[in-house]
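1. Fold the following for me, if possible:
(one chain, ligands or ions: 2)
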Amino acid sequence: MFADRTPDLTTDLAALEDQARAALAPEALGYVVPSAGSGATARANREAFDRWRIVPRVLRSGARRDLTCDVLGTSMPAPLLIAPMGVQTLAHPDGELATVRAAAALGVPYVHSTQAAHSFEQIAEAGGDAPRWYQLYWPTDREVCLSFLERAKATGFSTLVLTLDTPMLGWRPADLNRGFLPFLRNVGIANYLTDPAFLAKLDKPVEEDPGAAALHWAKMFPNPGLSWADLPFLREHWDGPILLKGISAAEDARLAADHGMDGVVVSNHGGRQVDGAIGALDALPAVADAVGDRIAVLFDSGVRTGADTFKALALGARAVLLGRPVLYGLALAGQEGVDHVLRCLLAELDLTLALSGYVSHRGLSRESLACAQRSAP
Ligand SMILES: Cc1cc2nc3c(=O)[nH]c(=O)nc-3n(C[C@H](O)[C@H](O)[C@H](O)COP(=O)(O)O)c2cc1C
Ligand SMILES: CC(C)CC(=O)C(=O)O
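-> Ligands and ions are numbered 1, 2, ... in the order given. Purely as a prediction, here's the structure:
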């Protein structure tokens, strides 16, 4: 099922998906690659990148470039993080451990999903001192939520990312057709299965009744009742920066700032939630305008190349999160594959800046781009 050689990986990250398809088992393929409904949002994500074009400048002394940056107190080699993605053992048996090791070797921050197949403690051990953020799916049970926050703090996660576009799972035909949800097989709930507050609520030890543990998770995961009024609870229990992920509307970004949040991630979950939503890059400029420098604006959904990263930064993102390509690298060659993907992205971003006349992403603005007209049908 998993490639156990080191395949020749393409340096065209947009084409990596095709290579990875062959390395993913059918259930993993059905979970990782597709999007919600008709796939309209995922297409809109890519179309938005195609519409914006870079306007290269010349003769600007670009021999030395500096991609380093600081985002909310986290230093990084470039404005790039690994997006939170659950159940990475579907892509490779080493799962998140391989990803965090590759990220740590390069200093790229890794964002740990609540739905990971490895626990906070395992990630901390594998990742060493490298920067790590924690993505929270806020469970309906507040004791479990608090326990997650405490464990994240105790194991060195500096920044909290609260994902809000997934109050329940989107309509995902590929999974529905197969009747496949990894969590119901206790895959991707490692943070729960190692959590004292969660385990205390089970009638029997997990080993005796794994099905009951999965069902208990299923009662806690969907949390459609959350509202803006809940945010002070998080602020009270988390000392570090907090970002809201899954923001598309400028008004929600403004509300995030008004509620004392430190940042937002403009994202539509890679098109996995609302079918027919606005392309994430199309949503970015209005969000950036709405909050200005009040809070940090980060971005994901559809980033596949260094040029895509350039465009998101030019349209107002302080950093981007890389999603599926990381899982494709992981599926193809484990830690080495993730390393390959990160290095390609970083090199291509550096090259795109150089070829476009910039010594740093800090010089980018909307003037670095032009919006190409759609061609007539
Ligand atoms: C397999 C998979 C699992 C994901 N799991 C999570 C998750 O646990 N938490 C979260 O906030 N986002 C999750 N996401 C969404 C990513 O963080 C990110 O928003 C998305 O992948 C960006 O789109 P892209 O992959 O098309 O670039 C997941 C995405 C994928 C593909
Ligand atoms: C529990 C899930 C919602 C994990 C996830 O974010 C995803 O599959 O997109």
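2. hang on, isn't Ala91 packed against Pro325?
-> No - using CB atoms under 8 Å, Ala91 and Pro325 do not qualify as a contacting pair, with a distance of 11.4 Å. All C-beta atoms are positioned from the backbone trio N, CA, C, and that covers glycine.
3. Which parts of the chain are strands?
-> 52-54, 69-71, 74-76, 80-82, 110-113, 132-136, 159-163, 242-247, 263-266, 296-299, 319-322, 369-371 (DSSP state E).
4. Work out the sheet partners of the third one and label each with its direction, please.
-> Meaning strand 74-76. strand 69-71 (antiparallel) (DSSP bridges).
5. which one of Ala91 and Pro325 has more residues nearby?
-> Taking other CB atoms under 10 Å, Ala91 and Pro325 do not tie; Ala91 has more neighbours (33 against 24).
6. residues touching the more buried one, list them.
-> 20, 24, 28, 32, 327-328, 330-331 (CB atoms under 8 Å, 6 or more residues apart in numbering).
7. From Leu181, how far out is it?
-> 16 Å (CB to CB, to the nearest Å).
8. One more: Asp289?
-> Where Leu181 is concerned, Asp289 sits at a distance of 39 Å (CB to CB).
9. What of Glu125?
-> From Glu125 to Leu181 the distance is 28 Å (CB to CB).
10. With Leu234 instead?
-> 27 Å.
11. how about the residues of this protein that lie near ligand 1?
-> 32, 83-86, 113, 115, 135, 163, 245, 267, 269-270, 272, 300-303, 323-324 (CB under 6 Å from any ligand atom).
12. switch to 5 Å and redo it
-> 32, 83-86, 113, 115, 135, 163, 267, 269-270, 300-301, 323-324 (CB under 5 Å from any ligand atom).
13. which helix in the chain runs the most residues?
-> Secondary structure assigned by DSSP state H gives helix 324-356 as the longest helix of the chain.
14. That one and ligand 2, any residue contact?
-> No - under the criterion of CB under 5 Å from any ligand atom, ligand 2 is not reached by helix 324-356; the shortest gap measures 10.3 Å.
15. Got the confidence number for Ala3?
-> The per-residue pLDDT reported for Ala3 equals 39.
16. hmm, back to that, adding neighbour count and pLDDT, write the contacts of Ala91 out as a markdown table.
-> Shown next, in a markdown table, are those (neighbours: other CB atoms under 10 Å; pLDDT from 0 to 100):
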| residue | neighbour count | pLDDT |
| --- | --- | --- |
| Ala20 | 27 | 96 |
| Leu24 | 24 | 95 |
| Ala28 | 23 | 94 |
| Val32 | 25 | 96 |
| Leu327 | 30 | 98 |
| Tyr328 | 30 | 98 |
| Leu330 | 30 | 98 |
| Ala331 | 28 | 97 |
